[in-house]
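Participant: coords below, sequence missing:
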């Protein structure tokens, strides 16, 4: 974030559309909630650009898939499309991360190198783990939306998926600590 970015911006961009989706779902149902989330995501992208002069690539990808599948949901009045959206996004992230590793490019490094300075092996392992995590999350979403009620799927999407993501990310702390490059360490060979 730039120095003029307010502290509330990042959480609002990341969780605001989900909060609006949940409120609209509880009040109006899934189809109107889909439209509300689409609008909130466009506002989140505009806010990001206004305050930071950039839109994070993860938000762009998520928004593109949301706008396509949300649009199909509304156009066809068929909730299956919006329920598939998390599967598509997570499978896409898994494919990108794991595909990057096949090309010897741990793609988490450019995204998080400002936060963490890790060895090449650390970036490789972390990217592999996140790629596999996203693949598993895609499968879980498929199982939940295809076998459970819409209410159960919405609760999974809003609460379950977020808690699983937070727990998985926190579980990576030992790996990050083990591969952290200290300021006085020599840089690893490339």
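Facilitator: Nice, I can see it. All values reported here derive from a predicted model rather than from experimental measurement.
Participant: so how far is the helix or strand that contains residue 132 from its chain's centroid?
Facilitator: Element membership for residue 132 (DSSP states H and E) is helix 120-147. Relative to the mean C-alpha coordinate of its chain, helix 120-147 is positioned 11 Å out (CA atoms, centre = their mean, to the nearest Å).
Participant: what's the domain layout of the protein?
Facilitator: The chain resolves into domains spanning 1-78, 79-181 when parsed by automatic domain parsing.
Participant: in the protein, which helix or strand is least confident?
Facilitator: When each helix and strand of the chain is scored by mean pLDDT, DSSP states H and E, helix 108-112 comes last, with a mean of 88.
Participant: any buried residues in it, and which?
Facilitator: 108-109, 112 (16 or more other CB atoms under 10 Å). Any C-beta I mention is one placed from the backbone N, CA and C, and that applies to glycine too.
Participant: before we move on, what about stretch 74-85?
Facilitator: 74, 79, 81-85.
Participant: which of the domains of the chain has the lowest mean pLDDT?
Facilitator: Per-stretch mean pLDDT for these is lowest at domain 1-78 (a mean of 91).
Participant: circling back: which member of the buried residues of stretch 74-85 is positioned nearest residue 7?
Facilitator: Each of the buried residues of stretch 74-85 was scored against residue 7 by CB to CB, and residue 85 proved nearest at 29.1 Å.
Participant: against which helices or strands is the helix or strand harbouring the closest one packed?
Facilitator: Take DSSP H and E as the rule and residue 85 turns out to sit in helix 80-102. Packing partners of helix 80-102 (3 or more CB pairs under 8 Å, 6 or more residues apart in numbering; DSSP states H and E): helix 57-76, helix 120-147.
Participant: save those helices as JSON lines, and put in distance to residue 5 too.
Facilitator: As requested, the helices and strands packed on helix 80-102 are arranged in JSON lines below (distance: least, CB to CB, whole Å):
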{"stretch": "helix 57-76", "distance to residue 5": "14"}
{"stretch": "helix 120-147", "distance to residue 5": "25"}
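Participant: so which of these comes closest to residue 12?
Facilitator: For residue 12, the closest of those is helix 57-76, at 11.9 Å, according to CB to CB.
Participant: who touches that closest one?
Facilitator: Contact with helix 57-76 is made by 13, 30-31, 34-35, 37-38, 41-42, 44-45, 48, 78-82, 84-85, 88-89, 92-93, 111, as judged by CB atoms under 8 Å, 6 or more residues apart in numbering.
Participant: buried ones in that helix?
Facilitator: Buried, per 16+ other CB under 10 Å, within helix 57-76: 59, 62-63, 65-66, 69-70, 72-74.
Participant: from those residues, which is closest to residue 165?
Facilitator: The shortest approach to residue 165 among the buried residues of helix 57-76 belongs to residue 62, at 13.1 Å (CB to CB).
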